[in-house]
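> Fold the following and give me the result.
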Amino acid sequence: EIECLRRAARAAEGGLLRMADAVRAGVSVGDLSAAWKAGALESARVGGFTLSGHWDFLSVGPDLSDMRAVVSEGALIKADVGTLVDGYSSDGARTFSFGKASPLALRIFDALEQAFEAGLERLRPGNTFASVHHAMMTAMRSAGFDEYARGHFGHSVGAGVGIEEWPFFSAESTEIIRPNMVVALEAPFYAQGLGALMIEDQFLITQRGAEPMNTLPRGLLDLSR
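Numbering: from 1, shown residues only. Next comes the predicted model:
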């Protein structure tokens, strides 16, 4: 099971690399989705395995619901993606910009990075899922986002029905983090009129902490360069 999830994460990242390479002014959400899928399938082929499914939630620009949006100067590009290997689904996300992101977007992303690191510090055996949520929420509030609210900051990853699998990193979860769990830790921010920003990685819980299954940098990368 763990190897299936490793492969799924690897294929999804291969898709992100292909998608990032396809970003140009005027390229549509649909074009980016197609590039991601092609890259994921190729990554699996090169790796010697096949995909049993794939999914992606992409957004481009300030209108979160515009599925006909095209890349333009300063646009945020959020890619929340996953592939399935023998029914086991990965889950990860990266955010890009095309040109320099706005000061507000940069401030938000900096807060998300701080929250992600705070949650990652708690992502070790013996801690509760709720303690991860508390650490990440505290970090966001400390960064000045007093009204930020989030029901959960990630979830278990496996072969459950749907993308997000229980248990969740939610405020009320008493579930204990245990070795050999595979989880997705996420720090998202959605703002109509600005765009979507998100960091999400997949981790294997070990006796020492959390081992990442992702390799791509988590920073906000400018794809116009």
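> From now on I want contacts and neighbour counts done on CA atoms only, so please keep to that.
Noted.
> so residue 143 sits right up against residue 113, yeah?
No - the pair residue 143 / residue 113 is not scored as a contact, 10.5 Å apart, by CA atoms under 8 Å.
> Quick check on those two: which one has the bigger neighbour count.
A count of neighbours by other CA atoms under 10 Å puts residue 113 above the other of residue 143 and residue 113, at 20 against 16.
> Tell me who's in contact with the most centrally placed residue in the chain.
The residue lying closest to the centre of the chain (CA atoms, centre = their mean) is residue 93, at 2.2 Å. Taking CA atoms under 8 Å, 6 or more residues apart in numbering, we find residue 93 in contact with 78-81, 186, 198-201.
> out of those, who's nearest residue 41?
For the contacts of residue 93, the minimum distance to residue 41 (CA to CA) is 13.0 Å, reached by residue 81.
> what's the closest one sitting at in phi/psi?
Main-chain dihedrals, residue 81, degrees, to the nearest 10: phi -140, psi 160.
> cool, and residue 122?
When quoted as degrees, to the nearest 10, the phi and psi of residue 122 stand at phi -90, psi 0.
> Repeat that for the one 4 residues further on.
Summarising the backbone geometry of residue 126 under the convention degrees, to the nearest 10, its torsions are phi 100, psi -30.
> burial of it, as a residue count?
Neighbours of residue 126 (other CA under 10 Å): 13.
> Equivalent analysis for the one 5 residues further on, please.
For residue 131, the count of nearby residues is 21 (other CA under 10 Å).
> Report the separation between it and residue 109.
Going from residue 131 to residue 109 by CA to CA, to the nearest Å gives 22 Å.
> And residue 146, by the same measure?
Separation of residue 146 from residue 109 (CA to CA): 15 Å.
> Neighbour count for these two, which is higher?
Per other CA under 10 Å, whichever of residue 146 and residue 109 has more neighbours is residue 109, with 21 against 11.
> and residue 149, what does it touch?
With contact taken as CA under 8 Å, 6+ apart, residue 149 is in contact with residue 137.
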